[in-house]
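S.K.: Need a 3D model of the sequence below.
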Amino acid sequence: MKTFLFELCVETLHAAKAAERGGADRIELCSRLDIGGVTPDHGVTKAIIEALSIPVHVLIRPRGGDFAYSGSEFDLMRQQVGQAKSAGAGGVALGVLAANGRVDLERSRELVELARPMKVTFHRAFDETPEQGSTLEAVIETGADCLLTSGGAPDVLRGAESIARLVLQAGDRIRIMAGGGLKLASMGQLLERTGVCYLHGSLTRRVETRNGKIANGHTAAGAADILEADVRAAVELLHTHFAATAPSLRHGPAANGGLRRG
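M.R.: As a prediction, this is how the structure comes out:
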């Protein structure tokens with residue numbers, strides 16, 4: 001039985017198809033990654049969902065900046081959840097904070113309930129909150145299926161100790177997904193140090209170009225080939241890691257909820 005999941009964060013159809021070819025379990029679709037991601041255009045969302053056979057989770061975030069939203073912004077988020085559902089999305093990623101920086105339990109729970117039967121990930125708004133232990137309990141109370149976090153650090157490796165604590169605290173009540181600055185070179189170390197079964201990343205890297213061509217000889221379209229190869233390498237690393245640790249997983253907690261593909 002599969003014990004892990006890899007989710008690629010993408011903005012375009014080319015990247016989404018590369019993720020699928022590379023073996024990603026699902027994608028998180030957004031736009032404007034340069035500002036941390038916002039909700040993608042509905043037409044783009046629908047086209048990508050129709051083009052893929054793997055689940056597409058849609059980011060619900062009406063703007064960049066903080067996660068405390070006005071009444072009109074929250075109304076827009078409700079609309080965006082409905083649009084994702086009508087487009088056939090497998091899930092959404094969302095989160096609402098109060099002005100004091102803590103989880104806005106009422107509004108977050110309302111969005112989670114509105115999203116059903118889609119899966120719901122509480123996104124990295126969590127990393128902006130003041131105290132992780134109590135915040136995790138609040139996220140669980142929203143009814144979300146999964147929490148995406150870097151452990152409150154600039155990247156997952158620096159937040160590894162915090163992520164490990166969250167995995168232990170969560171048990172089988174919610175899945176913890178490590179994401180934020182995920183890199184192939186340190187992925188094995190991250191898995192060993194945290195005990196997570198779910199990983200999220202964009203795997204972006206600087207592509208060297210010369211005269212409009214990627215250094216490996218491809219045209220700009222070759223960027224998708226590079227992404228596909230990176231996704232494949234990430235998935236293979238996960239396969240290798242969990243094949244080696246399968247006996248211990250069978251005797252531990254429900255692998256952080258990772259025994260079911262989502």
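S.K.: Okay, buried residues for stretch 165-184 please.
M.R.: Residues of stretch 165-184 classed as buried by neighbour count (16 or more other C-beta atoms under 10 Å): 165-167, 170, 174-183. C-beta: built from backbone N, CA, C; applies to glycine.
S.K.: chain center to it: distance?
M.R.: Computed by C-alpha atoms, centre = their mean, to the nearest Å, the chain-centroid distance of stretch 165-184 equals 11 Å.
S.K.: cool, and stretch 80-92?
M.R.: The gap between where stretch 80-92 is centred and where its chain is centred comes out at 16 Å by C-alpha atoms, centre = their mean.
S.K.: List of residues touching that stretch?
M.R.: By C-beta atoms under 8 Å, 6 or more residues apart in numbering, the list of residues contacting stretch 80-92 from outside reads 26, 39, 42, 45-46, 49-50, 55-60, 62, 94, 111, 114-115, 118-121, 145, 262.
S.K.: quick one: contacts for Ala24?
M.R.: Under the criterion of C-beta under 8 Å, 6+ apart, the neighbours of Ala24 are 6-8, 54, 231, 235.
S.K.: you'd agree it is in a helix?
M.R.: No - looking at Ala24 with DSSP: H, G, I helix; E, B strand; the rest coil, it is coil, so not inside a helix.
S.K.: Look at Gly188 and give its secondary structure.
M.R.: At Gly188, secondary structure determined by three-state DSSP is helix.
S.K.: Need the three-state assignment for the spatially most central residue of the chain.
M.R.: The structure's the chain has its C-alpha centroid closest to His200; by C-alpha atoms, centre = their mean the separation is 4.4 Å. With three-state DSSP as the basis, His200 sits in strand.
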